[in-house]
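Student: I would like to see how this sequence folds:
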Amino acid sequence: MDPIKLREDFPILKIKVRGKRFVYLDSAATTQKPVQVIEAINNYYKNFNSNVHRGVYFISEEATRLYEEARMKVSRFINAESPRTIVFTRNATEAINLVAYSWGRKNIKEGDEIILTEMEHHSNLVPWQILAKEKNAKLKFIPVKEDGTLQLEKLQELFTPKSKILAITHVSNVLGTINPIKEIVEFTHKNGTLVLVDGAQSVPHIPVDVKDLGCDFLAFSGHKMLGPMGIGVLYGKEKILEEMEPFLGGGEMISQVWLERATWNEIPWKFEAGTPNVEGAIGLGSAIDYLKKIGMENIEKRERELTAYAMERLKEIDGIRIYGTKNPELKSGVISFNLENIHPHDVGTILDQEGIAVRVGSHCAQPLMAKFGVSSMVRASFYIYNIEEEIDIMISALKKVKEIFRGIRRAL
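Tutor: Residues are numbered from 1 along each chain as shown. Coordinates of the predicted model:
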């Protein structure tokens, strides 16, 4: 894996921002796209633009082949038992909502319990809040420690016979914490409880094997793993998906329709109503080809190198507070921090003047912000196209932030 050579595949990294070299450190929000993915989408629109599963003419058959080939690529990428277990959605958010709606409304009763964690993204929190309110069910939470890891010793006392599902992030989008999902799933299944894993921040960054993890559901987004926006994935165990009702009604998800009733298509198409995001699936398939060529083990190793380097260099910044674990071996390529007495939005604005893109705000995790006693944080996140020199540029810019505010305070 040669990061310098690899960067040539990403046209956007060549642009200038405010006359400065562009440094993109916001891959936890969305990743940039290599030319291979851009060309795969372009090829579809230039040569095969048509609807899928409906036409008997050449380009429709080709579009269908490419669309279903992408499903097969996803299935193999996460080692699913069958492509039938792969449902295309708009994103991880929709995938989680699908489960909350289709599985949850059938299986959650009054007084039942939904187990979550305090580190969840709003996408894996709000759908369950809505369901719990509707069903008069109870939400329970695995607490987060000061070091950003979960208090797993609380599991035994949290779970009861009324616990129906655990919905948990694999990797925190704020702290970078990698949760021990396999062990958590084993414990949870012993209680007879299902497990949904939010894999939005894990599938792009570390090897994920659903057979090994044993989870019942896995949700993730294409745009966080070099693919286009508007395409996501829900993996579900075949038996569970078979028993679930459709999420949306309309074309494609039906078997037969009469004026007063209808029967449903087989899985996964039962959950894919209407014209799907064909170009998105094809682009995701191309992204998976790209990631597999590099190797997920290599990607994980490289990100840990970058994270370790960044953590060491951030020690040079006086008054910095880094949230979560400081051990690069226990986290993905995400570092959230604040500078003492400087608002995160001011930090982000000055970094932007230096051509550096970082994320500032609550990161769709307001309860976690409250846990750490802040309203927002600065987040730098890395991916395969980042290099150490970009971290050096960020460190120099952070030192400049400190100088600017030191000057302001003197003037006051």
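
Student: Quick check: chain neighbours aside, which residue is closest to the residue positioned nearest the centre of the chain?
Tutor: What sits nearest the mean C-alpha location of the chain, by Cα atoms, centre = their mean, is Ala200, with 1.6 Å. Leaving aside its sequence neighbours, Ala200 sits nearest to Ala92 (Cβ to Cβ, 6 or more residues apart in numbering; 4.3 Å). Backbone N, C-alpha and C define where each C-beta goes, glycine included.

Student: rewinding a little: what secondary structure does the residue nearest to the centre of the chain sit in?
Tutor: Secondary structure assignment for Ala200 (DSSP: H, G, I helix; E, B strand; the rest coil): coil.

Student: Need phi/psi at it.
Tutor: Backbone torsions for Ala200, taken as degrees, to the nearest 10, come to phi -60, psi -30.

Student: Repeat that for Ile322.
Tutor: Ile322 has phi and psi values of phi -100, psi 130 when expressed as degrees, to the nearest 10.

Student: Now that it has come up, it's in contact with Val334, right?
Tutor: No - using Cβ atoms under 8 Å, Ile322 makes no contact with Val334, being 10.9 Å away.

Student: who's more crowded, the two?
Tutor: The neighbour count for Ile322 versus Val334, taken as other Cβ atoms under 10 Å, is higher for Val334 (25 against 18).

Student: which one is the more buried one nearest to, not counting chain neighbours?
Tutor: Gly176 (3.4 Å).

Student: roughly how far apart are the one you found and Leu351?
Tutor: Using Cβ to Cβ, to the nearest Å, we find Gly176 at a distance of 19 Å from Leu351.

Student: and Ile165, which of the three is it?
Tutor: strand.

Student: With adjacent residues omitted, what lies nearest to it?
Tutor: Excluding the flanking residues, the one nearest Ile165 by Cβ to Cβ, 6+ apart is Leu194, at 4.7 Å.

Student: ok, now Lys164?
Tutor: Nearest to Lys164 is Asp112, by Cβ to Cβ, 6+ apart, at 4.9 Å.

Student: Isn't that neighbour up against Lys140?
Tutor: No - taking contacts as Cβ under 8 Å, Asp112 lies outside contact range of Lys140: 10.7 Å.

Student: out of all of them, which helix in this structure is the longest?
Tutor: Counting residues, the longest helix in the chain under DSSP state H turns out to be helix 388-411.

Student: Counting neighbours, what do you get for Val23?
Tutor: 24.

Student: gap between it and Lys400?
Tutor: On the measure of Cβ to Cβ, Val23 and Lys400 end up 14 Å apart.

Student: so what sits against both of these two?
Tutor: By Cβ atoms under 8 Å, 6 or more residues apart in numbering, Val23 and Lys400 have these common neighbours: Glu354.

Student: sorry, back to before: so which of Asp112 and Lys140 has more stuff around it?
Tutor: Neighbour totals were compared for Asp112 and Lys140, and Asp112 leads with 20 against 17 (other Cβ under 10 Å).
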